[in-house]
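# predicted model, plus sequence, below.
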There are 2 protein chains.
Amino acid sequence: MKKVVNDVNQIVDEMIEGITSVHSNLLKRLPNTTVITRSDVPVKGKVGLVSGGGSGHEPAHAGYVGKGMLDAAVVGEVFTSPTPDQVMEAIKAVDSGAGVLLIIKNYTGDVMNFEMAKEMAELEGIQVEQVIVNDDVAVEDSTFTTGRRGIAGTVFVHKIAGAMAEKGASLAEVKEVAEKTIANVRSMGVALTSCTVPAAGKPSFILEDNEMEIGIGIHGEPGIKRIPLQKADQIAKTLLDNILGDKHFGNHVAVMINGLGATPEMELYIASRKVVQELNEKGINIHRTWVGEYMTSLEMAGFSITLLDLDDQLTELLDKECEALSFCN
Amino acid sequence: MKKVVNDVNQIVDEMIEGITSVHSNLLKRLPNTTVITRSDVPVKGKVGLVSGGGSGHEPAHAGYVGKGMLDAAVVGEVFTSPTPDQVMEAIKAVDSGAGVLLIIKNYTGDVMNFEMAKEMAELEGIQVEQVIVNDDVAVEDSTFTTGRRGIAGTVFVHKIAGAMAEKGASLAEVKEVAEKTIANVRSMGVALTSCTVPAAGKPSFILEDNEMEIGIGIHGEPGIKRIPLQKADQIAKTLLDNILGDKHFGNHVAVMINGLGATPEMELYIASRKVVQELNEKGINIHRTWVGEYMTSLEMAGFSITLLDLDDQLTELLDKECEALSFCN
C-alpha cells in the first residue's frame, strides 16, 4: 500500500485537523468530535443542514460545508458510517431553533446511525427531519444498502437544500425541496481500478488488466457487470442511457461528471464531450456541467455521470451563490 | 493501459472539445488550433497573457484561463511542447494592441517554441515579452531542462500577472510583477507511483512497491533520490525543508499543496496538516493555502508543495477576484 499517511489509525483525525487548520476562516472542528462545521454555527433563524458518512469520498462532505450549503459534515472512519453520538453533536451545534435536516446517503449503516441521532436529538427537544439520497440507478439493493445507493447526486441535494435554508425557508420547506431534488436526480458510475482502504492495506477487489465494472458503488460494491474495457464514448453512452432510461427527463438539466479519485481530468473531459454531444442530440439543454472530483472512492480510477432534471425553482436554487470550498465558484 | 479514451491520437483534440463545450460561456477554442482562450478576447486595452505546454498536467493551463488570469492556454500533445505556430495563433488572438506576455515553464522544448513564436509575432508588429518559471528546487538541469524546472508555482504567476494585467497595467509592469513572483516562489514534489503516457501505453518509469522518488519532475524526470516510502509528516518536512533552505522567506506566505493526479484529497490534507504545523512553529504566517490538483502528471500518485513569499503588492494581486475555473473561488 502506497499512501501519504502517518498512522492508519489516525488518518481521519489528521485529515480533519488538516482541513480545519487550512480553512480556519471558513470551517471549524467541534472539539473532541469528528464533526466539521461552518465557523459561524448556529446561524440564527436558519434551518441547519447536516450530512456526512464514511471518509474516503473527499471532498464529500466537508468540501460542501459553507454558507449556502451544509452547516456540518460528520466524518466516519474510511468507508464506515459515523456513530450516532457524532451526528448528535453536529445536530446540537447547528440547531438555532429552526430545526435541522439530515441529508443521508442510502447505506444501511448511515441510515441507522443518523436515524438514531435524530431520535436522540428529538428527546432533547430539537426538531429534526431527514431525507435519504438514492440516486444510483445501477442496482437495487447492494452490499451495504437496501434499495438504491446514494452517490454523487447527493452534492446537488446539498446545494439546493442549502440555498433554500439560506433563504430563510422553514424546515418543512427545506425538506420538501430536498425531496424534489432526490426525485429528480440520477447517477451511475464505472470503475477501471480498485481502491485500498488504508486499514486493510490491500485492494478491496481486483479488476483484471483489461476489465472494467459498470455500475460499481463508491465503496467498490458490485455493479451490473464486469466487461472488457471499452472506449470512452461507449462507456459514457452506457451510463447516460441507463440514467435516461430510468426516468423521464425534461429538456433542462444540470450535469456532473465526477472522477472517482485517480482519473486524470483529461479523461473526464473526453467523457464529458460525449455526454454533451448525446444530450444535444436528444434536444436536452444543459444548464451547467460540473467536471471534477466531487464524490470519490479513495484512489479508484473511473467516473460517474449525474443528471438533475431542473424546473424553475431548482434552477434558481442551484444558481444561488454559496461559499463551500469544493462546489461554489 | 486503462484509460477513459477513444483514440490515443485524438486525446488532445477531444479533451479540448470537452473543455470548451462544457464551459462555452467562459472559454472558446480558436478554430483549427489547440488554443483555448477567454470567450471575450482580445480584451480592449489589456495586456494579453498566454501560457501553455504539454497536456497531461490538467487543470494546467486551460483551468487558469479567465478574467483576472490567462487570456489563452496553448495545448501541446501529452508531455510535449505546443508548436510555435499554435503559440503564434494564441498571441494574435489575445493581442489588443497593449502587447502580450508569455508565461513559460522552464522546459527546453517550451522555451524554444514560445521564443520562436515571440519572434514571429514581433515580425508582425505585436509587442511580446516572456517570463520563464523555474520554481522546482529539486535539481539543476534535468531530462528536458537546462536550469530548474517550472512546476506548480507557475499557477501563482498566472494569478498575479493576470490580476496586474486586469488592472490595466502596461506590458512592462505586468512582466515586472511576474518576474517578482518567479523570484519569490519555490516548489518541490514527490512521487509514489509512475504515470502512463497514452501513446506509449506503458508506465514512463517504475517505482517499486515500497519506493518513492523525492524531487521528481512532472513528466517523471529524475529527482534527488529514490528511497523507501516514508510517513506523511517526514515527506512533507523534507519537501518543506528543501524549499525553505533554498531562499530566505519572510513571515507571510501563500501555500499550495498540489496533488499529482491520483492522490486522494484525504492524503493531501494529512500532508497539509504538517505543513501548517511546521510553518506555525517557524513563525511564518500563512496567508492562504490551496489544496487540490493544480499541476498534475496524468495519474501519478504524489504531491508537491509550493511556497510563495508575499509582500503587499503580491498579496493584493493574489487576492483579487478572478473567474478561471480551477483557481478562483
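All right, it came through fine. Numbering: from 1, shown residues only, chains lettered A, B, ... in the order given.

# residue A:104 versus residue A:42, what's the distance?
According to Cβ to Cβ, to the nearest Å, residue A:42 stands 21 Å off from residue A:104. For glycine as for every other residue, the C-beta is placed from the backbone atoms N, C-alpha and C.

# so which of the two has more stuff around it?
residue A:104 (26 against 19; other Cβ atoms under 10 Å in any protein chain shown).

# pull the contacting residues for that one.
A:51, A:53, A:110, A:111, A:114, A:130, A:131, A:132, A:133, A:150 (Cβ atoms under 8 Å, 6 or more residues apart in numbering or on different chains).

# of those residues - the most surrounded one?
residue A:51 leads the contacts of residue A:104 on contacts (other Cβ under 10 Å) with 32 neighbours.

# report pLDDT for that one.
Predicted confidence (pLDDT) for residue A:51: 98.

# which one of the contacts of residue A:104 is nearest to residue B:97?
residue A:51 (51.2 Å; Cβ to Cβ).

# A strand includes that closest one, no?
Yes - the assignment for residue A:51 by DSSP: H, G, I helix; E, B strand; the rest coil puts it in a strand.

# mind listing what's buried along the helix or strand hosting residue A:316?
Using DSSP states H and E, the element containing residue A:316 is helix A:312-319. Residues of helix A:312-319 classed as buried by neighbour count (16 or more other Cβ atoms under 10 Å in any protein chain shown): A:314, A:317, A:318.

# test my guess that the second one contacts residue A:177.
Pointing back at residue A:317 there. Yes - using Cβ atoms under 8 Å, residue A:317 makes contact with residue A:177 at a distance of 6.8 Å.

# what residues are shared contacts of the two?
Joint contacts of residue A:317 and residue A:177 (Cβ under 8 Å, 6+ apart) are A:160, A:164.

# domain ranges for chain A?
By the assignment in automatic domain parsing, chain A contains the domains A:8-184, A:185-319.

# most tightly packed of those?
domain A:8-184 (a mean of 22; mean count of other Cβ atoms under 10 Å in any protein chain shown).

# that one spans what distance, first to last residue?
For domain A:8-184, the separation between the terminal residues is 39 Å (Cα to Cα, to the nearest Å).

# the helix or strand residue A:19 falls within packs against which elements?
Counting by DSSP H and E, the element that carries residue A:19 is helix A:11-22. Judged by 3 or more Cβ pairs under 8 Å, 6 or more residues apart in numbering or on different chains; DSSP states H and E, the packing partners of helix A:11-22 are strand A:27-29, strand A:35-38, strand A:48-55, strand A:72-78, helix B:265-281, strand B:285-292.

# how much space separates the closest residue to residue A:90 other than its chain neighbours from residue B:10?
Distances taken as Cβ to Cβ, 6 or more residues apart in numbering or on different chains place residue A:72 nearest to residue A:90, at 4.1 Å, with adjacent residues excluded. Residue A:72 is 45 Å from residue B:10, where distance means Cβ to Cβ.

# how about residue A:173?
If you go by Cβ to Cβ, the gap between residue A:173 and residue B:10 works out to 48 Å.

# returning to what we had before: list the contacts of the residue nearest to residue A:90.
Residue A:72 is in contact with A:30, A:35-38, A:41, A:48-52, A:65, A:90, A:93-94, counting by Cβ under 8 Å, 6+ apart.

# same thing with residue A:143?
A:217, A:219, A:221, A:222.

# and residue A:61, by the same measure?
Residue A:61 touches A:51, A:52, A:53, A:70, A:73, A:74, A:75, A:158, counting by Cβ under 8 Å, 6+ apart.

# is residue A:172 in a helix, a strand, or coil?
helix.

# excluding chain neighbours, what is closest to the closest residue to chain B within the stretch 51-200 of chain A?
Closest residue of the stretch 51-200 of chain A to chain B, Cβ to the nearest Cβ: residue A:58 (3.8 Å). Counting by Cβ to Cβ, 6+ apart, residue B:265 is the residue found nearest to residue A:58 once chain neighbours are left out, at 3.8 Å.

# so the closest residue to residue A:259 other than its chain neighbours versus residue B:247, what's the distance?
Among residues not flanking residue A:259 along the chain, residue A:293 sits closest, at 4.5 Å (Cβ to Cβ, 6+ apart). Taking Cβ to Cβ as the criterion, residue A:293 is separated from residue B:247 by 32 Å.

# residue A:312 too?
55 Å.

# just flag the most distant two among the contacts of residue A:61.
Across the contacts of residue A:61 (Cβ to Cβ), the longest gap, 15.0 Å, separates A:75 and A:158.

# ranges for the helices of the stretch 101-250 of chain A?
With DSSP state H, counting those that start in this stretch as the criterion, the stretch 101-250 of chain A has helices at A:108-123, A:154-166, A:171-184, A:232-246.

# tilt between the shortest one and helix A:171-184?
Computed with axes from the mean of the first three to the mean of the last three Cα atoms, to 10 degrees, the direction of helix A:154-166 lies at 160 degrees from that of helix A:171-184.

# what average pLDDT does helix A:154-166 get?
98.

# what does the third one give?
Across helix A:171-184, the average pLDDT comes to 98.

# and it, how far out from the chain middle?
16 Å (Cα atoms, centre = their mean, to the nearest Å).

# which elements pack onto that helix?
Short answer (3+ Cβ pairs under 8 Å, 6+ apart): helix A:171-184 packs on strand A:100-105, strand A:128-133, helix A:154-166, strand A:302-309, helix A:312-319.
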